[in-house]
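Asker: Here is my input, please return the structure:
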Amino acid sequence: MDGTEHSYDPIVLEVIRTRVTSIVDEGAKVIVRTSFSMLLNEANDYSCVLTDDRGLLLAQNTASLPSFIGTLPNTVRHFIDAIGITAMHPGDVLITNNPWKGSGHLNDVQLVKPVFHADRLVAFAACCAHVPDIGGRIRSVEPREVFEEGFHIPPMKLLREGIPDESLLTLMRTNVRTPDQTVGDLFAQVGALEVMEQRLRTLMDDYGLRSLDAFADELYRRSDAAMRDAVRALPGGTYRYEMITDGLDEPFTFRIALTIAGDAIDVDYAGTSPQQSRGINVVYAYTFAMTAYALKCALLPELPNNEGMFRALTVRAPEGSLLNARFPASVGGRICSGDYLPSLVFGALHQVIPDRVSAAPGSPLWSMVISGVREDGKPYANVLFYNGGMGATSRKDGVSCYSWPNNIASTPVEVTERDTPFFVRYKRLRENSGGEGRHCGGLGQDILLESRSRTPMAAVFLAERTRMPAPGLAGGGAGGLGDVQINGRSIDVRRLHLLNEGDELLVRTPGAGGYGDVRERGADAIARDRREGWRYSLPQDGVDGNAR
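Answerer: Below you'll find the model as predicted:
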């Protein structure tokens, strides 16, 4: 098999595809086992992919973040344009964290390695990882432009034929609060790329492949055909949905018009709030990625992630809007806007496939960034993640304390106490925080933290659903609001706060929306609610016991 065939036996195609997926999964394991920060070895805030020599997605690691599915291949293509194929050599590793060429904010650093086989460029190994600190202001929605948000790396070479750019590394170490962790995590990514490169070469040798072109084209063709068949089965028309979110001084409006025409889908976000002069904007690549992810979840969740799944989809967002921000907009808090998009897509699709979508989750992912200076004079920075509930579906209650549409893990108590000056007094589910319904929304969580730092500690939050709750679907109730308190008083989550030794911080993540009329909740579910004590559902005699 020389890789030039125009068709593949389905069995051989699947065997090669699964081996390619195992390659990116092995790369991901390298990052977990060799990284320095808990963002990677605990929270899962990274992704590994392989693309063909055109920068089109072949495979992504199984536990990848949805936002990286569409953004990393886009980054590879930016490198092809900026550096050029002829200027790439074996041993090169390319780097950037440009939000418009990467995944949408400076803390995500993308590395790309051109893969050569038999003296020919055949593919690209790529990974993206959220570094613990990138300098500038602590990551929040407060910055007014991207220049305030940290150290900006244009598309360039980190390794040139295997030799690191020491000037770049010196600049990076000088500009970040966590030089050992940040640079250490970069080289964990380099290790992952090298493993992916080696394994891909072995695969090509095993099958006698000189090129991946024929395999890639057949994989894309089959995935595209499957997606178009799924779209064609839906009723044609334009379906609209709207959501109001916390916003800044005023709430934000998100609007979607989802048009199904034959075997294609067009998504238009016209009418969404304009770009803001705060760090809550989203670049187009992130908007596309989160839209594509939601459609795949609803239509073909088992379809392998590759270039073919995107071809039936068009996504539009007005330039200069919240979802297609112009440079030099501040974008550090993009999750506070971009992670609402899957709920918008599901709200529109609920009109045609109500049994295949869920109500809104309790959060775009909640995170807390802390920084300070230790008693020995060394600066530190950490990111802690806390999840709200997941939306209910027509079949079951939502999962509690689950990150969706991201799959970032909540920071464990043990890791919090190991890596930060916090003592965790308790971490527990929030009673009755999930929206009522035939199926109830997932619960949020309460985490009470006490500062044990003898020096002041800065804390800033990326938190949503503190003013506008997660809506339900099909008559389901809204989830409970989130809240953050310092020493018993609610605070403005959009601002930076200082914690002193002994201060108590209570983080209350929001519950998710319910699905269906609560009066239709089954007797078994009501009995379980009463037994577990987390929800107070409508009793069988029709008296509302779910009031908050």
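
Asker: can you list the weak-confidence ranges in the stretch 301-450 of the chain?
Answerer: Within the stretch 301-450 of the chain, no range satisfies pLDDT under 70.

Asker: same deal with the chain?
Answerer: 1-7, 536-548.

Asker: Could you point out the longest helix of it?
Answerer: Secondary structure of the chain read by DSSP state H shows that its longest helix is helix 179-206.

Asker: which residues are contacting the next helix or strand after that helix?
Answerer: Using DSSP states H and E, the next helix or strand after helix 179-206 towards the C-terminus is helix 213-232. Residues from elsewhere that reach helix 213-232, judged by CB atoms under 8 Å, 6 or more residues apart in numbering: 3-8, 13, 16-17, 52-53, 56, 58, 209, 260, 262-265, 296, 299-300, 303-304, 306-309, 311-312. From N, CA and C alone the C-beta is placed, and that goes for glycine too.

Asker: now, which of these lie within helices?
Answerer: Going by DSSP H, the helices hold 13, 16-17, 296, 299 from the contacts of helix 213-232.

Asker: Max pairwise distance over those residues: which two?
Answerer: Of all pairs drawn from these, the widest gap by CB to CB lies between Ile16 and Leu299 and measures 24.8 Å.

Asker: Tabulate the ones in helices among the contacts of helix 213-232 (a markdown table), appending distance to Pro421.
Answerer: Shown next, in a markdown table, are the ones in helices among the contacts of helix 213-232 (distance: CB to CB, whole Å):
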| residue | distance to Pro421 |
| --- | --- |
| Leu13 | 53 |
| Ile16 | 50 |
| Arg17 | 47 |
| Lys296 | 41 |
| Leu299 | 46 |
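
Asker: And those residues, which is closest to Gln485?
Answerer: Nearest member of those to Gln485, counting by CB to CB, is Lys296, at 38.1 Å.

Asker: From one end of stretch 434-441 to the other, what's the distance?
Answerer: End-to-end distance for stretch 434-441: 4 Å, by CA to CA, to the nearest Å.

Asker: mind listing what's buried in it?
Answerer: 434-441 (16 or more other CB atoms under 10 Å).

Asker: would you say Arg173 is within a helix?
Answerer: Yes. The assignment for Arg173 by DSSP: H, G, I helix; E, B strand; the rest coil puts it in a helix.

Asker: Look up how far Met88 lies from it.
Answerer: 26 Å (CB to CB, to the nearest Å).

Asker: So what touches whichever strand or helix holds Arg425?
Answerer: Take DSSP H and E as the rule and Arg425 turns out to sit in strand 422-429. Under the criterion CB under 8 Å, 6+ apart, residues 400-401, 413, 416-417, 443-452, 504-505, 534 lie in contact with strand 422-429.

Asker: Pull up the gap between Leu322 and Ala118, please.
Answerer: Taking CB to CB, one finds Leu322 at 47 Å from Ala118.

Asker: So the two - more neighbours on which side?
Answerer: Leu322 (27 against 11; other CB atoms under 10 Å).

Asker: Might you report the residue contacts of the more buried one?
Answerer: 252, 254, 272-276, 280-282, 337 are the contacts of Leu322 under CB under 8 Å, 6+ apart.

Asker: Sitting in helices, which of these do you find?
Answerer: Filtering those for helices - DSSP H - leaves Ser337.

Asker: Just the closest of the contacts of Leu322 to Ala233, please.
Answerer: Nearest member of the contacts of Leu322 to Ala233, counting by CB to CB, is Phe254, at 27.1 Å.

Asker: and the closest one, how far is that from Tyr515?
Answerer: 20 Å.

Asker: And for Lys113?
Answerer: Taking CB to CB, one finds Lys113 at 44 Å from Tyr515.

Asker: sorry, back to before: are any of the contacts of helix 213-232 buried, and which?
Answerer: Buried among the contacts of helix 213-232 (16+ other CB under 10 Å): 3, 8, 13, 16-17, 52-53, 56, 58, 209, 260, 263, 265, 296, 299-300, 304, 306-309, 311-312.

Asker: Now do the contacts for Thr435.
Answerer: Careful, residue 435 is Gly and not Thr. 359, 392, 441, 469-470, 472, 476-480, 511-514.

Asker: can you confirm it is in a strand?
Answerer: No. Gly435 is assigned coil when assessed by three-state DSSP, not a strand.

Asker: Please report how far it lies from Thr34.
Answerer: Distance from Gly435 to Thr34, by CB to CB: 41 Å.

Asker: tell me the strands in the stretch 301-450 of the chain, going along the chain?
Answerer: 313-316, 366-373, 379-386, 422-429, 445-451 (DSSP state E, counting those that start in this stretch).

Asker: Nearest to Ala458, out of those?
Answerer: strand 366-373 (5.1 Å).

Asker: Direction included, what does that closest one pair against?
Answerer: Its sheet considered, strand 366-373 pairs with strand 379-386 (antiparallel), strand 457-462 (antiparallel) by DSSP bridges.

Asker: which residues sit in contact with the nearest residue to Ile134 once chain neighbours are set aside?
Answerer: Once flanking residues are discounted, Ile134 sits nearest to Gly150: 3.7 Å by CB to CB, 6 or more residues apart in numbering. Listed by CB under 8 Å, 6+ apart, the contact partners of Gly150 are 106-107, 133-137, 139, 175-176, 332.

Asker: Adding secondary structure, write those residues out as CSV.
Answerer: Shown next, in CSV, are these (three-state DSSP):
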residue, secondary structure
Leu106, coil
Asn107, coil
Asp133, coil
Ile134, coil
Gly135, coil
Gly136, coil
Arg137, coil
Arg139, coil
Asn175, helix
Val176, coil
Gly332, coil
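
Asker: Go through those and single out the one with the most neighbours.
Answerer: Gly332 (30 neighbours).

Asker: my guess is Leu57 meets Asn306, correct?
Answerer: Yes. With contact defined as CB atoms under 8 Å, Leu57 counts as touching Asn306 (5.1 Å).

Asker: Quickly note the distance from Ile491 to Arg521.
Answerer: 35 Å.

Asker: Kindly report the same for Pro10.
Answerer: 45 Å.

Asker: Comparing those two, which shows the higher neighbour count?
Answerer: Higher neighbour count among Pro10 and Arg521: Arg521, with 24 against 10, using other CB under 10 Å.

Asker: Not counting sequence-adjacent ones, nearest residue to Asn406?
Answerer: Leu365 (4.9 Å).

Asker: and the one you found, how far is that from Lys378?
Answerer: Counting by CB to CB - Leu365 and Lys378 are separated by 28 Å.

Asker: just Pro318 next, same as before
Answerer: 45 Å.

Asker: more crowded one of these two?
Answerer: Pro318 (15 against 12).

Asker: Name the nearest residue to that one, sequence neighbours excluded.
Answerer: Ala270 (5.7 Å).

Asker: so who does that neighbour touch?
Answerer: 255, 257, 316-318.

Asker: so which of the residues you listed would you say is closest to Ile408?
Answerer: Closest to Ile408, out of all of the contacts of Ala270 and judged by CB to CB, is Ala317, at 24.0 Å.
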